[in-house]
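Asker: Turn this into a model:
(2 chains)
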Amino acid sequence: MKILVLISNVPDTTTKIRFTGDNTAFDNAGVQWIINPWDELALTRAVELKEAGSVEKITVANVGSKLTEATLRKALAVGADDAIRIDSDPKDAYFVAKQLAAVSGEYDIILAGIEASDYNGSAVGGMLAELLGYNSVSAVSGLNIEKGTATVNREIDGGSQVLTIAVPVVLIVQKGITKEPRIPAMRGIMMARKKPLNVVPPIEADEKTVFVNYELPSPKAACKMVDEDNAKELIAMLHEEAKVL
Amino acid sequence: MNFEFTEEQLMIQQAARDYAQRELIQDVLERDEKCIFPTQHVKNLAELGFMGMMVDPEYDGAGMDTVSYILAMEEFSKIDASTSVIISVNNSLVCYGLQKFGTDEQKQKYLKPLARGDYIGAFLLSEPEAGSDATSQHTKAEDKGDHYLLNGTKNWITNANSATVYLVIAQTHPEKKHRGINAFIVEKDSPGISLGPHEDKMGMRSSDTHSVMFSDVKVPKENRIGEGGFGFKFAMAALEAGRIGIAAQALGLASGALERSIAYAKERKAFGTEIANHQAIAFKLADMDLKVENARNLCLKAAWLKDNGKDFRKASAYAKLYCADIAMEVTTEAVQIHGGYGYVKEYHVERLMREAKLTQIYEGTSEVQKIVISRKILRD
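Answerer: Model prediction:
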């Protein structure tokens, strides 16, 4: 089995978000970039399966500029065998899915994080399956491969489902797929230097989204305390200030 | 000049940060309180390659540079200096000394398992009556032809109980003074070795410190490091490198205390606003940040000199002296910023302050570093 893990390059989750160009672009000055946490879990599970002998090769792929190579290098240090960088800014989910579809052909299982922690679009995995004509399973919280058969656990309302799946398939994974993201060992960091990181040109693809502008969430208002005997004041505030009644 | 880190150095820093903030933090308070050695953490860190970071891959090390080691030590020490001293002794005293001065046989037999982290190493120099004055060794190594016979007591030995391999400094020819001193590789389970009780320390309580007694301990001749009489030079060379590790530990204690103080000052309110908005606190934070920045630069300079094969002896003394002193100052201010919360264990900064004190004492006191520096500037 060959696994492709899709890697989004996202700002560290503690980044202070700022915009430039009159709020039309994300300001990436001073931002530290990381592997999208859900993708990191997917990659860790893939590495565990490879260590168990049920996966032959793991490739990671990302659509991004040269800046994303540090993130891909980390994925190689964690245990991927090679990396593909499609050399373009990730313009929108459809554009990214189109690019990834062009490099996904040889893989049996494609793992996509359930969302990326930057735009939280939850779109690429499903779009990719559609473009490839593959089945997809969403909300996957467990993956095992034994004797060439893949079994997945899937969260459903009030419980979970166990499915055996035919490959090729796109699995959209969430927490639970593994315990914790793998910390790269020094040996892995050294080996990452020598593993292939292939840069491929983007294919022609439309963008389906226009970014108009960005807004920060409004700051949290200070908490107002109302005396327990003063229900009238509370109702008035909910009615007039919060406008929820 | 280039102040940029490489992609690999940043990856190592991140790996150390992830391990410290995800794993070491979990049980650090309990280990500190109950003096529990971090056995499982050391095993995990060995698997990640942190126990033999700078050892040549030919001897099962990770082959990383000293700059990477500084970055990792800082991250571990922000959270848990007890674990980072175990790493430091193994890496920059024991593995460094063996890699630089050991024979190939000694490296095959001892350096490889030490670099893999299968063994932990300890460095036995201090004695009840020989601390800073390391030339006055009372531990005797009598030359018996095919072996040496060790007798004496070593004090304040980090990793004394958990180690498999000791590097022991002992006197063979007292009449030759420091030129009669030898260094030996001694297996801890050799007959005649016994340990004193676990030292009940103020800080670094999760690392095991004991005195070690030698009573007619036979050491094979092939376990002597270097030529006869090389022991003192060996010890000094190991300490010169070891200082960089402890400097980075002190740096981590300071920067860890600073990070906690900034976070606390932005949340804690007094007189109607976050205390960070009061100049009294903001200026404290500015002073602490400047000290941490200077400390980091001194550490990295010493590491860079070492990595580039240049003389790092004065630089490592600068780094050790400055980092240890500012670690004490910054952690003390961190407790002050936290007020009453700073004085209870849950907020960590009191522990960082207790731990910082030791960095001014071990692997060469602050006063000894001043001797090193003043001799350098006056004699060179």
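Asker: Kindly confirm my reading that A:Val152 forms part of a strand.
Answerer: Yes. With DSSP: H, G, I helix; E, B strand; the rest coil as the criterion, A:Val152 is part of a strand.
Asker: Which pLDDT value belongs to it?
Answerer: For A:Val152, the model assigns a pLDDT of 96.
Asker: do the same with A:Val244
Answerer: At A:Val244, pLDDT is 85.
Asker: what's the answer for A:Asn230, then?
Answerer: We have a pLDDT of 89 for A:Asn230.
Asker: burial count for it?
Answerer: 11 (other C-beta atoms under 10 Å in any protein chain shown). Backbone N, C-alpha and C define where each C-beta goes, glycine included.
Asker: Tell me how far it lies from chain B.
Answerer: Distance of A:Asn230 to chain B, computed by C-beta to the nearest C-beta, to the nearest Å: 24 Å.
Asker: Check which helices and strands the helix or strand hosting A:Ala83 is in contact with.
Answerer: Under the criterion of DSSP states H and E, A:Ala83 resides in strand A:82-87. Other helices and strands packing on strand A:82-87, by 3 or more C-beta pairs under 8 Å, 6 or more residues apart in numbering or on different chains; DSSP states H and E, are strand A:57-64, helix A:69-78, strand A:197-200.
Asker: and if we set it to 10 Å?
Answerer: On a contact count with 3 or more C-beta pairs under 10 Å, 6 or more residues apart in numbering or on different chains; DSSP states H and E, strand A:82-87 meets strand A:57-64, helix A:69-78, helix A:93-101, strand A:197-200.
Asker: right, so of these, which gets closest to chain B?
Answerer: Chain B lies closest to helix A:69-78 among the helices and strands packed on strand A:82-87, at 5.2 Å (C-beta to the nearest C-beta).
Asker: thought B:Leu300 was touching B:Ala319?
Answerer: Yes. If you go by C-beta atoms under 10 Å, B:Leu300 and B:Ala319 touch, sitting 8.6 Å apart.
Asker: So for these two, which sits in the more crowded spot?
Answerer: Neighbour count, other C-beta under 10 Å: between B:Leu300 and B:Ala319, B:Ala319 has more, with 29 against 23.
Asker: Could you confirm that one falls within a strand?
Answerer: No. Counting by three-state DSSP, B:Ala319 is not found in a strand; it is helix.
Asker: got a list of what residue 171 touches?
Answerer: If you meant another chain, say so; for now it's chain A. A:Leu171 makes contact with A:3, A:42, A:45, A:109-112, A:114, A:125, A:129, A:135-140, A:143, A:150, A:152, A:154, A:165, A:177, according to C-beta atoms under 10 Å, 6 or more residues apart in numbering or on different chains.
Asker: Can you look at chain B instead?
Answerer: B:Gln171 sits in contact with B:130, B:135-142, B:152, B:177-178, B:180-182, B:231-232, where contact means C-beta under 10 Å, 6+ apart.
Asker: filter those to the buried ones?
Answerer: For those, a burial check counting by 16 or more other C-beta atoms under 10 Å in any protein chain shown picks out B:130, B:137, B:139, B:141, B:152, B:178, B:180-182, B:231-232.
Asker: nearest to B:Asp200, of those residues?
Answerer: Lowest distance from B:Asp200 to the buried ones among the contacts of B:Gln171 (C-beta to C-beta) belongs to B:Ala130, with 22.5 Å.
Asker: how about that closest one, phi and psi?
Answerer: phi -140, psi 90 (degrees, to the nearest 10).
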